[in-house]
Each structure stands twice: as structure tokens, then as C-alpha cells.
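Engineer: one predicted model, sequence on top.
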Amino acid sequence: MYFEDFIGKEYESWRDGQVVILDVPTGCGKTTFFETTYREYAFSQGKRILYLVNRIVLQQQMLERQKQRVIAWEQFIETQSFWLHDIRKEPGNFVISTYQALEMAIVTNNEADLNYFLSFDIAVADEAHYFLADSLFNPNTVHSFEFLVQNFRNRQLIFMSATMQNFYPVLSIYLIQTANQSYLAKNGMFESYIYKRMEPDYSGYEFLWFYNNQEIAQTISGFPDEEKVLVFVSSIAEGKEVKGLLKRKIPGGDIFLYSSDSSHSEGGTELEEELVTVQTFSHRVLLATAKLDVGVNIVDNCVKHIFILQDNAESMIQMLGRRRIQAGDTVKVYLHARDRLYFSRRLQQLKYQLRYVDFVLYHLSQPYADIFVATEFYDEKKAAVLRRFVGVWRNLYVSRRYFCNWLSLKRMGELAAEYGAILEEFDNNGPEAYVLHQGLWLCLPESHMRFSMPTTYIENIAVFMSTYAGKTLAIEEFNHFREKLMPMLHAADRVGFPKITELAKWQRINEFFEKHRLPYAICMHPKSKDSARHYEIKNVERGLGYESEEI
């Protein structure tokens with residue numbers, strides 16, 4: 001279902017003084033709806049829209065689409081006097097800006113720019129999870145958020161995102177209609193709010209899991225040359241590591257790492273131009289950091305595989321949605337099955353940072369204070385920690401003033417709680433806990449929350465089993481058979497078979513065969529005795545299936 005079908009004509013009842021919260025999935029056409037249907041409706045009402053996004057590439061993609069629409073409307077535009085009042089002469093009543101441009105106007109106290117942002121009747125905050133998700137490396141997200149909720153109180157404010165789950169509780173603090181609790185209620189702001197949720201549809205995706213970066217390179221090296229691969233890494237360092245592994249596995253392969261380091265290079269500029277103009281990329285393998293994680297459309301049927309190495313729901317779901325799925329299309333998505341040690345280290349790091357910040361900033365009872373930390377600190381490592389939670393006004397005409405970035409503090413607290421919950425699940429559910437957790441993020445049914453395995457693993461096991469089909473094995477022979485099979489089972493499913501040297505029970509192996517539709521079964525010979533057990537390897541009418549079941 002497309003967003004326009006989901007929302008119908010309800011948007012005509014949205015009125016000034018309301019907040020509209022749209023919790024809708026990626027790829028459902030919500031941006032197109034605002035670019036066309038809602039824009040035309042606002043124009044008919046004599047209202048101008050400020051449309052905010054969080055990535056320059058996304059802004060450029062939208063502007064490219066706007067060029068075509070503006071040409072079609074050009075003659076009509078000239079007859080509308082209020083349209084020409086746009087002091088920047090940008091296209092019509094629908095102006096696309098980045099949050100970062102708004103934040104720069106705020107921290108530099110640029111009066112002309114601020115007045116421009118205040119000239120709109122409607123503000124649409126696309127990818128609204130940005131305020132929290134980017135707060136860990138951009139302390140100014142708190143400014144754009146507070147600017148919108150404070151200055152559009154008597155107008156119309158729309159927040160939308162495919163990953164609203166963590167940001168919505170923050171926003172709800174401002175929306176609760178209780179005078180003693182609600183900042184907005186106490187200040188006469190939004191009289192009510194509207195919350196609309198559209199359930200995601202992942203029917204075009206097949207989910208698999210991998211365990212380490214070496215497996216990424218090994219798996220990609222087996223793909224046909226005509227199939228493109230998109231790999232989302234969690235950091236530039238990790239991207240360089242994966243790129244190095246791929247270069248060794250695919251000598252001479254067309255592999256490019258897109259990050260803040262490479263975005264201004266010749267290759268980065270060419271890639272951005274491709275994404276903006278034709279919404280695709282020419283590289284065989286494109287590795288990307290969070291710089292390409294949201295909003296950007298990739299419409300290319302040759303992109304058949306997506307690897308995601310992130311460890312939080314917002315990034316994972318946003319990265320998943322970059323490749324737009326066409327009718328009848330299928331994309332394989334490989335998620336990182338991280339272990340307990342990874343989350344234990346991440347939680348330890350977060351707790352250290354939160355304890356240190358609490359110790360330094362405990363005296364801050366107000367959002368702003370004249371404290372001199374973060375930039376003139378003797379310990380660079382600790383200063384780097386503080387910079388996540390403390391921002392500074394960049395106004396050149398007054399003394400610097402530092403502020404507490406409360407959104408980043410909340411974000412760190414949420415991540416710490418999330419990692420703590422995952423560790424508890426490891427204790428309760430064993431080594432597959434994070435796989436199950438990812439399945440909950442994606443709302444997958446139980447059958448798709450377990451490990452899947454690549455076709456090559458199934459083929460290898462099928463070939464191996466074919467040499468034993470129809471045989472009856474004595475206990476010594478059966479143990480030797482299992483010793484050979486265990487490394488293959490371990491590579492395919494490390495949850496079911498966590499140790500190579502630990503011989504799995506034959507019933508557990510049968511469960512594996514049945515799950516992946518391998519036409520084999522192991523059974524104990526009917527005449528076996530405890531002192532002389534024998535096992536039969538049988539062919540069964542199951543049909544070898546190399547594809548996972550449809551979601």
C-alpha cells in the first residue's frame with residue numbers, strides 16, 4: 001500500500017496548532033505525497049511549506065525532481081503574487097532545506113536566515129529520528145528540534161519517519177495535554193496532535209545472517225558479476241577493513257567506500273551525481289557509512305544484496321529502505337549476528353561516558369550555562385566524550401556560551417538500556433539472542449527470526465550428504481561422518497551448531513535438514529542395540545530448496 005492510499009483525504013482536516021506524527025515505513029511514497037498532492041493542497045490554501053531533511057544527497061535528489069515539476073508549473077507560478085515573495089527565489093511554495101542549515105542559522109544567530117525559516121506556514125520534519133540519532137555526533141540537533149516546536153506552535157508541524165519508536169517518546173513529552181507535565185501545554189502551544197502508523201511490508205526481502213567481516217568478502221566473491229552489492233558499515237575504519245578484505249577476494253573489483261572522508265573526492269562527487277540524477281550507482285560493490293543511511297532512493301534492479309553492520313534499529317531499518325523494491329523484485333539482506341561480547345563492550349563504553357558526563361555536568365540545572373569545558377580540556381580523550389553532550393554557540397559577536405545537549409544524553413541512555421536488554425536476552429535465549437532481537441525490530445514472524453544460510457552452504461551440504469545417502473553406518477562410522485559434517489553445519493548455522501568439535505545429535509541434524517528442505521534424514525536402524533548401534537542415511541520426499549520461504 002502506498003502512503004497516499006493510506007492517508008486518503010485526511011490531510012485536509014489537519015489544522016493550525018496541531019502536530020501530525022506519521023510513523024510510516026520506507027519506500028511507501030510519503031515523500032512523493034508531500035512533493036505533489038500535499039504541496040498542491042497547501043498552494044490552494046495560500047500556504048508555504050518548509051520541508052526539512054537530514055542529508056544533502058537527499059535534498060539534491062528532491063531538488064532534481066522539483067526541477068521537472070517547476071518547469072511544468074512555470075507559467076502558472078508567474079500569476080501568483082505571494083509565490084514571488086520568497087526572498088531566496090527558490091521554487092514555489094515548497095522549499096527543501098537541511099536541518100543543518102537551520103542549525104547553523106541558530107548557532108550563528110543569523111537574523112536574516114532565521115526570519116526566512118520563520119516565514120513558512122507549514123514545517124515538515126522528514127526523517128524526524130534525526131534529532132536523536134545524529135545527536136551523538138552533532139550536538140546542534142537540539143536547536144532545530146526546539147526551534148520547530150517553539151516557533152510553529154500556531155501553525156502546522158508534521159514529523160515523519162520510518163523509525164519513530166525512539167523519537168516518539170521524546171516528542172510525546174511536549175504533547176501530553178496535562179498542564180503540569182507538558183511544556184507545550186503550559187506555554188499555550190499545540191492544542192492536540194495526530195498520530196498515524198502504517199505497518200511495514202518486507203515481503204520483497206529475504207533475510208540472512210553473517211558473523212564477521214571475512215564472511216562478507218567470502219560471500220560477495222561468490223555473487224555473479226552482474227549483481228551489485230550495497231554494504232552499510234558502522235564506521236569509516238570498519239569500511240576500510242571490509243574494503244581491504246574484498247580487494248583480496250576480488251582483485252581488480254570495482255569497490256568504492258563512500259564516507260565523509262571520500263564524499264568530496266572525485267569518486268565521491270561522481271557517486272553523488274549518479275544518486276541524484278539517476279538514483280543508482282555504477283560500482284559493483286558500494287560500501288557506505290551513515291552518510292547514506294536515510295531518505296536516499298536507489299532504484300536499480302541490479303542491486304541484489306544489502307549487508308548491514310549496524311547495531312541499532314533506526315540505522316538498520318533506514319539502511320534497509322535505501323533500495324526501493326519493485327513489484328516482483330527480491331533483495332537478499334544480510335544482517336550481522338553480533339555476539340554477547342560485542343554488546344558487553346559497547347555497554348561498558350556507554351556507561352563510562354555517561355558516568356563521566358554526569359560527574360562533570362551534575363550542576364547543570366538549566367539547559368544553558370556559562371561553563372568552559374569540551375574545547376579547553378587537558379585530557380583530549382575525555383574532551384571528546386564531553387563534546388557529545390556539550391555544544392557551543394558559534395556567534396562571533398559575543399562570548400562563547402556552552403549548552404547541555406540533552407538529546408544526546410537521552411540517546412545514550414536509550415542505547416545503554418537497549419544493549420542491557422540484549423545482554424539479558426543472551427543470558428536467557430543463548431547465542432541467537434541478537435538475531436531474535438533484530439527480528440523483533442523488523443516485525444518478522446518466528447520462522448524468519450532464525451539463522452538462514454547462503455545457497456552455497458546448502459549446496460555444499462547437499463553434495464556431501466549425497467555420498468552417504470542409502471548407507472547404514474556403525475557407531476564409529478557415524479561419528480566419523482559427523483566429524484566431517486560439523487564444520488559445514490557450523491558455517492551455516494552457528495546458533496544450532498556453535499562448536500565444530502561438539503558432535504550434534506542426529507535429531508538436531510534432522511531438524512536442520514527439514515528446516516532447509518534438504519531431502520535427507522538420519523534414523524536409527526530398527527535392529528540396533530545399545531552395544532552395536534547403527535544409523536541409516538535416508539532419502540526423503542522433501543525436495544531440495546535453495547531459497548528461503550517467502551515472508
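Structural biologist: Right, received. Where do you want to start?

Engineer: which stretches of this protein have low pLDDT?
Structural biologist: Applying pLDDT under 70 to the chain flags the ranges 67-92, 174-192, 293-295, 358-388, 392-403, 445-456, 528-531, 542-551.

Engineer: tell me which residue is most central in it.
Structural biologist: Ser315 (2.3 Å; C-alpha atoms, centre = their mean).

Engineer: tell me what the helix or strand hosting that one is packed against?
Structural biologist: Assigned by DSSP states H and E, Ser315 belongs to helix 313-320. Contacts defined by 3 or more C-beta pairs under 8 Å, 6 or more residues apart in numbering; DSSP states H and E place helix 313-320 against helix 130-133, strand 303-308, helix 433-441. Using the backbone N, CA and C atoms, a C-beta is placed for each residue, glycine as well.

Engineer: which residues touch the shortest one?
Structural biologist: Spelled out, that is helix 130-133. For helix 130-133, the external contacting residues (C-beta atoms under 8 Å, 6 or more residues apart in numbering) are 54, 99, 141-142, 144-145, 161, 163, 166-167, 170, 294, 314-315, 407, 410-411, 414.

Engineer: run the last query once more with 10 Å
Structural biologist: With contact meaning C-beta atoms under 10 Å, 6 or more residues apart in numbering, helix 130-133 is reached by 52-55, 98-100, 125, 127, 138, 141-146, 148, 159, 161, 163, 166-167, 169-171, 290, 293-295, 312, 314-315, 318, 407-408, 410-411, 414-415.

Engineer: so of the residues you listed, which ones are in strands?
Structural biologist: 52-53, 98, 125, 159, 161 (DSSP state E).

Engineer: so what's Ala101 up against?
Structural biologist: Listed by C-beta under 10 Å, 6+ apart, the contact set of Ala101 reads 52, 56, 59, 113, 117, 144.

Engineer: weed out the non-buried ones from the residues you listed.
Structural biologist: 52, 59, 113, 117, 144 (16 or more other C-beta atoms under 10 Å).

Engineer: among those, which lie within helices?
Structural biologist: 59, 113, 117, 144 (DSSP state H).

Engineer: farthest-apart pair in those residues, please.
Structural biologist: Gln59 and Asp113 (16.1 Å; C-beta to C-beta).

Engineer: how far off centre is the helix holding Ser315?
Structural biologist: Mean-position distance between helix 313-320 and its chain equals 1 Å (C-alpha atoms, centre = their mean, to the nearest Å).

Engineer: could you do stretch 430-447 as well?
Structural biologist: On C-alpha atoms, centre = their mean, the centre of stretch 430-447 falls 16 Å from that of its chain.

Engineer: buried residues of it, list them for me.
Structural biologist: 432-439, 441-442, 444.

Engineer: out of the residues you listed, who's nearest Glu35?
Structural biologist: Leu442 (27.6 Å).

Engineer: where along the stretch 201-350 of the chain do the strands fall?
Structural biologist: 205-210, 228-232, 255-258, 285-288, 303-308, 331-336 (DSSP state E, counting those that start in this stretch).

Engineer: got TSV for these, with distance to Gly239 too?
Structural biologist: Listed next are the strands of the stretch 201-350 of the chain as TSV, based on distance: least, C-beta to C-beta, whole Å:
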stretch	distance to Gly239
strand 205-210	16
strand 228-232	8
strand 255-258	5
strand 285-288	5
strand 303-308	11
strand 331-336	14
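
Engineer: just give the number of residues close to the closest residue to Ala217 other than its chain neighbours.
Structural biologist: Excluding its sequence neighbours, the residue lying closest to Ala217 (C-beta to C-beta, 6 or more residues apart in numbering) is Leu245, at 3.9 Å. Leu245 has 19 neighbouring residues, counting by other C-beta atoms under 10 Å.

Engineer: adding distance to Ile509 as columns, could you present the contacts of Ala101 in JSON lines?
Structural biologist: Shown next, in JSON lines, are these (distance: C-beta to C-beta, whole Å):
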{"residue": "Leu52", "distance to Ile509": "55"}
{"residue": "Ile56", "distance to Ile509": "52"}
{"residue": "Gln59", "distance to Ile509": "53"}
{"residue": "Asp113", "distance to Ile509": "66"}
{"residue": "Phe117", "distance to Ile509": "64"}
{"residue": "Ser144", "distance to Ile509": "56"}
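
Engineer: going by distance to Ala237, which of the residues you listed wins?
Structural biologist: Ile56 (23.1 Å).

Engineer: the closest one against His264, yeah?
Structural biologist: No - judged on C-beta atoms under 10 Å, Ile56 makes no contact with His264 at a distance of 11.4 Å.

Engineer: now the common contact residues for these two.
Structural biologist: Glu272.

Engineer: mind checking how far the lengthiest helix in the chain is from the chain centre?
Structural biologist: Assignment by DSSP H gives helix 406-429 as the longest helix of the chain. Here helix 406-429 is found 17 Å from its chain centre; the criterion is C-alpha atoms, centre = their mean.

Engineer: could you check the angle it makes with helix 433-441?
Structural biologist: 120 degrees (axes from the mean of the first three to the mean of the last three C-alpha atoms, to 10 degrees).

Engineer: just the CA trace of helix 406-429, in PDB.
Structural biologist: The C-alpha trace of helix 406-429 is given here as PDB (Å, rounded to 0.1, in the frame of the first residue of the first chain):
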ATOM      1  CA  TRP A 406      20.000  16.800  26.400                       C
ATOM      2  CA  LEU A 407      19.000  14.900  23.300                       C
ATOM      3  CA  SER A 408      22.400  13.200  23.200                       C
ATOM      4  CA  LEU A 409      22.200  12.300  26.900                       C
ATOM      5  CA  LYS A 410      18.800  10.700  26.200                       C
ATOM      6  CA  ARG A 411      20.100   8.900  23.200                       C
ATOM      7  CA  MET A 412      23.000   7.400  25.100                       C
ATOM      8  CA  GLY A 413      20.600   6.400  27.900                       C
ATOM      9  CA  GLU A 414      18.300   4.700  25.400                       C
ATOM     10  CA  LEU A 415      21.200   2.800  23.700                       C
ATOM     11  CA  ALA A 416      22.500   1.700  27.100                       C
ATOM     12  CA  ALA A 417      19.100   0.300  28.000                       C
ATOM     13  CA  GLU A 418      18.800  -1.400  24.600                       C
ATOM     14  CA  TYR A 419      22.200  -3.000  25.000                       C
ATOM     15  CA  GLY A 420      21.500  -4.100  28.500                       C
ATOM     16  CA  ALA A 421      18.200  -5.700  27.400                       C
ATOM     17  CA  ILE A 422      20.100  -7.600  24.600                       C
ATOM     18  CA  LEU A 423      22.700  -8.900  27.100                       C
ATOM     19  CA  GLU A 424      19.900 -10.200  29.300                       C
ATOM     20  CA  GLU A 425      18.400 -11.900  26.200                       C
ATOM     21  CA  PHE A 426      21.800 -13.600  25.600                       C
ATOM     22  CA  ASP A 427      21.600 -14.900  29.100                       C
ATOM     23  CA  ASN A 428      18.000 -16.200  28.600                       C
ATOM     24  CA  ASN A 429      18.000 -17.300  25.000                       C
END
